[in-house]
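[1] sharing a model prediction with you, sequence too.
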Amino acid sequence: MTKTNAFLVAHGGRIVYERYYNGYSRNSYFPSYSVAKAITSTATALAIKDGFIKSTNADARQYWPSTLAAKFRQPVTISDLLNMRAAIPVQEQYDSVFSLLAQMYVTTDLKRFMQQLPPVHFSSMPHFEYRSATYLLLGETLRGAVNDNLAPYISTALWKPIGAESNASWSVDSSDSRIEKSFCCINAKARDFVRFGLFVLEDGKYKGSNLLPAGWQQKIQKPTAFKGEFGYSHGWWMLKDRSDPDFSAIGIHGQYVYINPKTNTVIVKFSDYGAEQDEALTLRAFRKISHLFAE
């Protein structure tokens, strides 16, 4: 058992299976954990389509405060941030309360945290390395580009267009600073996460218009890097076996928004499971389930 609290399947643009467990219901709010990275990535695509950002090849430093930009001696492309190839000096170290990662999660002033990062002499790494701090800086890039906090922009550019049935919330560093934790922590109803998945599945189509840059879904489907059984691209994970062009947002403790364009299926699962447990097995199960509904 994977301690599932919500399990929903959408096929052909509508929900065809929906179950809740352990006291949860359709009206419950679920924490996204790192599923939020896929939403931050999608918001970046929306900002490109809206003209706030020229392209993923743009230097992110132009959107940062000068004190932060000065930390990086070389360009940091938005693509480097999206694909976790930026040399951000905050390793994914969960086993120490004194690590920079722990400080990033608990600080009440994320702007000060970013400005106190050590200087970086080379900005782009030749390989993928999962570091949540890259999405903190991606969030800072978006704030600078749209000249607003992330929540209001995403509310207008994404949440309303997808037809979300309820407001969502985004955890912030403090009530004073109110900087969103763009690397995690969006809280919403399961059905609205399904709607987000359908929006990406449909390549951003809304009322006859395409809100995402042309070919964005195709970018997601092509891993820019592999690590073990997984590929990674633009905030999304995929199995190394590419027999299906499927991909998934994944959050710690078993949170998933899985998309399979081949079967026209979205699967959402929220859980209270192990930290990083059975993820490849779960994606294979989703793939099989998606084919069942497609037959």
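    Yes, it's here.
[2] just the endpoints, please. Distance across stretch 270-288?
    Terminal residues of stretch 270-288 lie 18 Å apart, using CA to CA, to the nearest Å.
[3] buried set for it?
    Using 16 or more other CB atoms under 10 Å as the test for burial, stretch 270-288 gives 270, 271, 273, 279, 282, 283, 286, 287. Yep, even glycine has a C-beta here, placed from its N, CA and C like the rest.
[4] check the last one and give its pLDDT.
    According to the per-residue confidence, residue 287 scores 98 in pLDDT.
[5] that one: what's it in contact with?
    Residue 287 sits next to 239, 244, 246, 260 when contact means CB atoms under 8 Å, 6 or more residues apart in numbering.
[6] my reading is that it lies in a strand. Confirm?
    No: remark: residue 287 does not belong to a strand; assigned using DSSP: H, G, I helix; E, B strand; the rest coil, it is helix.
[7] so it versus residue 203, what's the distance?
    Taking CB to CB, to the nearest Å as the measure, residue 287 and residue 203 are separated by 20 Å.
[8] check the third one too.
    Using CB to CB, residue 273 is found at 31 Å from residue 203.
[9] now swap in residue 83 and tell me
    19 Å.
[10] more neighbours: which of the two?
    Neighbours were counted for residue 83 and for residue 203 using other CB atoms under 10 Å; residue 83 has more, 22 against 17.
[11] show the backbone phi and psi for the nearest residue to that one once chain neighbours are set aside.
    Take residue 83 and drop its neighbours on the chain: the residue closest to it by CB to CB, 6 or more residues apart in numbering is residue 224, 4.6 Å away. Residue 224 adopts backbone torsions of phi -90, psi -10, taken as degrees, to the nearest 10.
[12] need the per-residue pLDDT for residue 224.
    Value for residue 224, per-residue pLDDT: 86.
[13] now swap in residue 50 and tell me
    We have a pLDDT of 96 for residue 50.
[14] could you do residue 295 as well?
    Looking at residue 295, its pLDDT reads 66.
[15] residue 236 is in contact with residue 220, correct?
    Yes: assessed by CB atoms under 8 Å, residue 220 is found in contact with residue 236 at 5.0 Å.
[16] any common contacting residues for those two?
    Counting by CB under 8 Å, 6+ apart, the residues touching both residue 220 and residue 236 are residue 247.
[17] okay, now residue 152: neighbour count?
    A count of nearby residues for residue 152, using other CB under 10 Å, gives 10.
[18] please apply the same query to residue 166.
    Look at residue 166: counted by other CB under 10 Å, it has 12 neighbours.
[19] now do the strands in this protein.
    Remark: strands assigned in the chain by DSSP state E are 4-11, 14-20, 29-31, 169-170, 186-189, 205-206, 209-210, 225-227, 230-233, 236-239, 247-251, 255-260, 265-271.
[20] can you list the strands that the worst-scoring helix or strand of the chain on mean pLDDT pairs with?
    One helix or strand of the chain scores below all others by mean pLDDT, DSSP states H and E: strand 225-227, with a mean of 84. Here strand 225-227 has these sheet partners by DSSP bridges: strand 230-233 (antiparallel).
[21] now residue 280: how far from residue 271?
    In this structure, residue 280 and residue 271 are 15 Å apart, going by CB to CB.
[22] to clarify, my last question referred to residue 206.
    30 Å.
[23] what does residue 17 give?
    16 Å.
[24] so residue 6 touches residue 268, yeah?
    Yes: at 6.9 Å, residue 6 counts as touching residue 268 under the criterion of CB under 8 Å.
[25] what touches both of those two?
    Counting by CB under 8 Å, 6+ apart, the residues touching both residue 6 and residue 268 are residue 190.
[26] so who does residue 50 touch?
    Per CB under 8 Å, 6+ apart, neighbours of residue 50: 146, 157.
[27] the helices in this structure, which residues?
    All helices of the chain, identified by DSSP state H, fall at 35-49, 66-69, 78-82, 100-106, 110-115, 133-146, 150-154, 190-201, 216-221, 279-294.
[28] could you give the angle of the longest one to strand 265-271?
    In other words, helix 279-294. Compare the direction of helix 279-294 with that of strand 265-271 by axes from the mean of the first three to the mean of the last three CA atoms, to 10 degrees and you get 140 degrees.
[29] figure out how far helix 279-294 is from the centre of its chain.
    How far helix 279-294 lies from its chain's middle: 20 Å, per CA atoms, centre = their mean, to the nearest Å.
[30] ok and it relative to strand 255-260, angle-wise?
    If you take the same axes, to 10 degrees, helix 279-294 sits at 50 degrees to strand 255-260.
[31] identify each buried residue in stretch 190-206, please.
    Residues of stretch 190-206 classed as buried by neighbour count (16+ other CB under 10 Å): 190-204.
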